[in-house]
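Novice: take this sequence and fold it.
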Amino acid sequence: MRRTSKIYAGLAAILVPVTSMIMAVGVTPANAAVGGSGPYPADYETSASLANHTIFRPQNLPTERLPIVVWGNGGCSGNGLSQGNFLREIASHGFLAIANGAPNGSGSTTSQMLTQSIDWAFAENSRQGSKYYNKIDTTKVAVAGFSCGGLEAYAVSNDPRVTTTGIFSSGLLNDADDYQLRRLTKPIAYFVGGPSDIAYPNAMDDWGKLPAGLPAFMGNLNVGHGGTYHETNGGEFGRVATLYFKWRLKGDNTAGTTFVGANCGLCRTQWTVQQKNLTLDTTPPPTTPPPTTPPPTTPPPTTPPPSGGACTAVYAVQDQWNGGFVANVSVTAGAAALTGWRVTLTLPSGAAVTSLWNGVASGTSGTVTVANQSYNGRLAAGQGTSFGFQGTGNGSGTTATCTGS
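Specialist: All right, here's what the predicted structure looks like:
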């Protein structure tokens, strides 16, 4: 039962916009280490094709692809700089972070604006001539938000493209909204301001209602509802959120040790930590995907077959917990360009696919066929893409083969 729903709703409507205004004033070069603390100095920009949003990115795009973080502001504020220090810090570590609202904008935002951010990033990654062409990792998407923005994040967390959710000082206001918890299938993390945070009771109520087996982290830092977003580089919330996204969106297990296990990096610190179903990936995928089969002993033909180029599929388990797993499949075109691809997965007994993103699946257990989406089927020779899925059972032992057209 949510005992403080009305109080929280009223305070969120009155106090959070005021907090957002204070934070917006603090987002100036004099108040923040320019570019954040990461290896890729970052700033923000806008795009005519993504109205009423603020895009935080490395000033010079790195060679590595940028995972996506879409963000809802405190108070559902239309000012995309409300948590600017915090988002610039995340972007400086090699992420594309998109906030609802224009820089210094006004008015309120909606959860649909988070979906618009994801749509735009996917489109820019596929659009030839875009500075982001093939530079965004569309297989790694986080939806997150602070206070009212956290409610926006909940609303779109079931988007099949979303791979993790971040709830910052927020919680559902009414028990009638608990269906949003029951439909969660991807890892989730909560970062809350401790018992003095007006969202604390609601966040803890949500925590107790999460689906069994869902990988989840709860961290409480007793700083109250305002967090540390306005501090240089987003303060402690900026540091910890960046580590979480590096783990979940970049497969950085060193960052993951901050959250996993009895001796986690946040355990026995000023943070109060709770964990559910958290494990580290013990077999991360190699940097350069190997072929799924050894090279043939006879030389391959010098021209591609008429039906199109060959392709390879490399399967890797990213998270495994008791009763479920998350896996990723990297698809790479061979010596010829592809207009489409199809991957055949052979799952072990007892394993089944429950949700899948960046592909179109046929079947859920045994032999599962996954075809490309409209936006990731065309691959140049040697170019790669990927899709992912969550399943029940044990993900190890799955095999993957690819055919191209």
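Novice: for Ala97, phi and psi?
Specialist: phi -110, psi 120 (degrees, to the nearest 10).
Novice: now do the same for Ser106: its pLDDT.
Specialist: Per-residue pLDDT puts Ser106 at 95.
Novice: now the residue nearest the centre of the chain: how far from Gly226?
Specialist: When C-alpha atoms, centre = their mean is applied to the chain, the residue found nearest the centroid is Ala142 (2.1 Å). Going from Ala142 to Gly226 by C-beta to C-beta, to the nearest Å gives 22 Å. Bear in mind the C-beta positions are built from the backbone N, C-alpha and C, glycine included.
Novice: which of the residues in stretch 174-181 are buried?
Specialist: Asp177, Gln180, Leu181 (16 or more other C-beta atoms under 10 Å).
Novice: hang on, isn't the second one packed against Leu173?
Specialist: When you say that, I think you mean Gln180. No. Contact criterion C-beta atoms under 8 Å: Gln180 and Leu173 do not qualify, at 11.0 Å.
Novice: and the closest residue to Asp206 other than its chain neighbours, what pLDDT?
Specialist: Spatial nearest neighbour of Asp206, chain neighbours left out: Gly171 (4.9 Å); criterion: C-beta to C-beta, 6 or more residues apart in numbering. Looking at Gly171, its pLDDT is 97.
Novice: and for Pro17?
Specialist: The score at Pro17 is 39. That number is its pLDDT.
Novice: ditto for the one 4 residues further on
Specialist: At Met21, the predicted lDDT confidence score is 34.
Novice: hmm, Arg127 is touching Tyr133, no?
Specialist: Yes. The pair formed by Arg127 and Tyr133 meets the contact definition of C-beta under 8 Å, at 6.2 Å.
Novice: quick one: least confident helix or strand in the protein?
Specialist: helix 5-26 (a mean of 39; mean pLDDT, DSSP states H and E).
Novice: what's downstream of it, the next helix or strand?
Specialist: strand 42-47 (DSSP states H and E).
Novice: helices or strands next to the next helix or strand after that next one in the packing?
Specialist: Next along the chain after strand 42-47, taking DSSP H and E as the criterion, comes strand 50-58. If contacts are counted by 3 or more C-beta pairs under 8 Å, 6 or more residues apart in numbering; DSSP states H and E, strand 50-58 sits against strand 42-47, helix 84-91, strand 96-100, helix 112-126.
Novice: would you turn the ones you listed into JSON lines with mean neighbour count, distance to Cys402 and mean pLDDT?
Specialist: Conversion of the helices and strands packed on strand 50-58 to JSON lines gives the following (neighbours: other C-beta atoms under 10 Å; distance: least, C-beta to C-beta, whole Å; pLDDT from 0 to 100):
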{"stretch": "strand 42-47", "mean neighbour count": "17", "distance to Cys402": "34", "mean pLDDT": "96"}
{"stretch": "helix 84-91", "mean neighbour count": "29", "distance to Cys402": "33", "mean pLDDT": "97"}
{"stretch": "strand 96-100", "mean neighbour count": "29", "distance to Cys402": "28", "mean pLDDT": "98"}
{"stretch": "helix 112-126", "mean neighbour count": "20", "distance to Cys402": "20", "mean pLDDT": "96"}
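Novice: redo those as CSV? Include distance to Val69.
Specialist: Shown next, in CSV, are these (distance: least, C-beta to C-beta, whole Å):
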stretch, distance to Val69
strand 42-47, 12
helix 84-91, 6
strand 96-100, 4
helix 112-126, 9
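Novice: how about the helices of this protein, start to end?
Specialist: In the chain, the helices defined using DSSP state H lie at 5-26, 84-91, 112-126, 148-156, 179-182, 200-208, 235-250, 253-256.
Novice: how about these, which one is nearest Ala337?
Specialist: helix 112-126 (14.9 Å; C-beta to C-beta).
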